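A.B. asks: got a sequence here, can you model it:
(one chain, ligands or ions: 1)
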Amino acid sequence: MTSKVISVYENKQKLGAELAKNLSELANDVLAEGGNAVFKIGLSGGSVVSLLSEYLAKVETDWAGFRQMPPLSQEKKLFAVAVRQTFKITYLKMTSKVISVYENTKKLGAELAKNLSELANDVLAEGGNAVFKIGLSGGSVVSLLSEYLAKVETDWSKWRFFFCDERLVEFNDPESTFAQYRDKFINNLPISEDQFIKINPQLSVDEAAKDYIQKMSVYFAPYDLPRFDALILGVGPDGHTCSLFPGHKLCEETSVWVAPISDSPKPPPNRITFTFPILNNARYCAFIATGSSKADILKRILKDGEQLPANCVQPVNGSVQWLLDEAAAKLLQEETSLTVLPLRLFRLKPRAANFNGQNEITNITYAN
Ligand SMILES: O=C1O[C@H](COP(=O)(O)O)[C@@H](O)[C@H](O)[C@H]1O
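C.D. replies: Just a heads-up that it's a prediction; the model follows:
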C-alpha cells in the first residue's frame, strides 16, 4: 500500500528537523539488518540542496553506511544530537494533526484496530495495575467501533471504557450510547459491563456530571487532569464533538472534567460531556468520520480551518488523527499536492506527540 502524507511546518527549521528524524529512523532500521547493509538515498537538486545540506547533518546514523553523503565529524554528530534533543522538547508541546483517508471503512477500521492494539499493549506493558483507559463517543461511530475494535489484539480484561459524552436517558432508550455499545459490542468481545464507566441516568443532569467525575476519579489522580490513553471522537454536521456544540458556553468550560448540558441542540437535550481540558490532555484522539454526509463539515474543519469545536481538539502532549473514508474526504483532496512516502517510514509511537501511525492513503500533518 501507498502512504501519502502532507506535513505542514511552521518554518523550515521544524521541517528540516522532522525530515532528519524520519531519515534517522529509516536509516537505522535499514542498517539494523547488519552485514553489508547500506542506506541508499537518492538526492534531488534545485531548491532542496541547501535545505538538505543543512538538515541532513541532524540525522543520527552510522554515516559510514549512509552512502552518497560525506561522513560527519564526531563534533557534528554531537551537535546533531543536541539539536534534536532541544527540538524534541519543543515538539512535545505541539499538536500534530494527521488526516488519514482510507479506501473504505474496512481498511479504516483495520488501521484503527492496529493503532489501538499498539497503544494499549504499550500502556499495559507497564504491568502492575495498569489499565488502558479509552473514551468512546456515540452517534455514527458506534457501529464502526463495535465491528473493528473486535480486531484489536489485547488483554481485554485490562481495558476500561469511558464515555466522552453520554445522553441522560435510561439504558433501555435507543438514544443511550452505553446501550448501543452494550448491544453491538459487549457480546462480541471477552469484556463485561463492569468495564464500562457508566452514567447514572436516574440523576439530574448536574448531579450526573458530578457523579461521573467521581467515578472517573477512581482511575485518575483527583488533583491532576485526567490523561486518557485514547479518545474516539465523532464530528456532527455542525462541527460539534462530544456534546460540545458551536457557540455553546460549554466550549469555554475549564473548571470541571465533565460538564452537564441541558440544552443540547441535538436531541436528547440532557447530556454530560467531557470538556476541552480533558480532550486536550489525551494521549491519542482519533476522529472517525465516514460517508459523504460528513464531507462538507470536514472541508470546513480541515481545509478551511473554521474554529468549530472539533477543530479545537488539539492535545498539548498528544496527537490527533482524523480517520476518514474517501467519501467523507472527497472535498479535502482537490487542489492538494501529495507527497508519497514509504509505508515503513512511519510507525506508531504511542508516547510521542507526533503520531504518524497511519499506513494508508492520504495524511496531512499540520505541526503548529
Ligand atoms: O450526539 C452526538 O453526536 C456526535 C456526532 O455524531 P454523528 O452521528 O454525527 O457521527 C457524537 O460524536 C457524540 O458522541 C454524540 O453524542
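A.B. asks: CA-only coordinates of stretch 318-328, as CSV, when you get a sec.
C.D. replies: C-alpha atoms of stretch 318-328 as CSV (Å, rounded to 0.1, in the frame of the first residue of the first chain):
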residue,chain,number,x,y,z
GLY,A,318,-0.6,14.0,22.4
SER,A,319,-1.9,13.6,18.9
VAL,A,320,-5.0,13.8,16.8
GLN,A,321,-5.7,11.5,13.9
TRP,A,322,-8.6,12.0,11.6
LEU,A,323,-9.6,8.7,10.1
LEU,A,324,-11.8,9.2,7.1
ASP,A,325,-13.1,7.2,4.2
GLU,A,326,-12.9,8.5,0.7
ALA,A,327,-16.5,9.6,0.6
ALA,A,328,-16.0,11.8,3.7
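A.B. asks: need the per-residue pLDDT for Leu338.
C.D. replies: At Leu338 the predicted local distance difference test score is 40.
A.B. asks: now do Lys303
C.D. replies: Each residue has a pLDDT score; the one for Lys303 is 92.
A.B. asks: isn't it up against Gln333?
C.D. replies: No: the pair Lys303 and Gln333 fails to qualify as a contact (CB atoms under 8 Å) at a distance of 9.4 Å. From N, CA and C alone the C-beta is placed, and that goes for glycine too.
A.B. asks: what's the burial count for Ser44?
C.D. replies: Per other CB atoms under 10 Å, the neighbour tally for Ser44 reads 8.
A.B. asks: do a quick rundown of the strands in this protein.
C.D. replies: Listed from the start of the chain, the chain has strands (DSSP state E) covering 3-9, 96-102, 132-136, 159-163, 165-167, 230-233, 258-261, 271-274, 284-289, 319-325, 340-341, 362-367.
A.B. asks: where among these is average confidence lowest?
C.D. replies: Taking each of the strands of the chain in turn, the one with the lowest mean pLDDT is strand 340-341, at a mean of 36.
A.B. asks: for Leu225, see how far away Gly318 is.
C.D. replies: Applying CB to CB, to the nearest Å, the value for Gly318 to Leu225 is 12 Å.
A.B. asks: between those two, who's got more neighbours?
C.D. replies: For Gly318 versus Leu225, neighbours defined as other CB under 10 Å are more numerous around Gly318 (27 against 12).
A.B. asks: excluding its backbone neighbours, what's nearest that one?
C.D. replies: Leaving out its chain neighbours, the residue that sits closest to Gly318 by CB to CB, 6 or more residues apart in numbering is Arg283, at 4.6 Å.
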